[in-house]
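>>> Next one to model:
(one chain, ligands or ions: 1)
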Amino acid sequence: MKLPVCWSCGETFRWKELLFVVEGRKTCRNCGAKQYTTTHSKWRAGVLVLPVIYIPWITRLIFDVSFVVQLTLGVLLLVICSAIVPFYYQFTDKQQPLFK
Ligand SMILES: [Zn+2]
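Alright, predicted model coming up:
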């Protein structure tokens, strides 16, 4: 897995820089160019986040675990997801709509 690069200068982003990408926007620390996540990468990141919502819920339905276990599982999955999501981003110079 590779971290995304700046569309303008090709500088690779740091993993911790990408933990919080607000509304799919980011600025390059090297050249200052504005970065927008591509529609494709938004969908990929979205698909990755879905299990955080439904896995704890399904686990509770099937295994009858307590709410604390469900919550712990949710937090754990969220941490794992946040760690992986930066690798799924791709940046472009123009903002792209979620639906084309
Ligand atoms: Zn740059």
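>>> Show me which residues of this structure sit near the ion.
Within the chain, the residues that sit near the ion (CB under 5 Å from the ion) are 6, 8-9, 11, 28, 30-31, 33. Backbone N, C-alpha and C define where each C-beta goes, glycine included.
>>> So which elements touch the biggest helix by length in the chain?
Secondary structure assigned by DSSP state H gives helix 39-63 as the longest helix of the chain. Where contact means 3 or more CB pairs under 8 Å, 6 or more residues apart in numbering; DSSP states H and E, helix 39-63 is packed against helix 67-84.
>>> tell me the angle of the helix it packs on relative to helix 39-63?
Going by axes from the mean of the first three to the mean of the last three CA atoms, to 10 degrees, helix 67-84 is angled at 160 degrees with respect to helix 39-63.
>>> how much distance is there from stretch 86-100 to the middle of the chain?
The chain centroid and the centroid of stretch 86-100 are separated by 12 Å under CA atoms, centre = their mean, to the nearest Å.
>>> typed the wrong thing, it's stretch 75-93
That offset, for stretch 75-93, works out to 3 Å (CA atoms, centre = their mean).
>>> same question, stretch 72-79
15 Å.
>>> Stretch 36-49 now?
When C-alpha coordinates are averaged (CA atoms, centre = their mean), stretch 36-49 and its chain have centres 7 Å apart.
>>> Since that was my last question, I'll sign off now.
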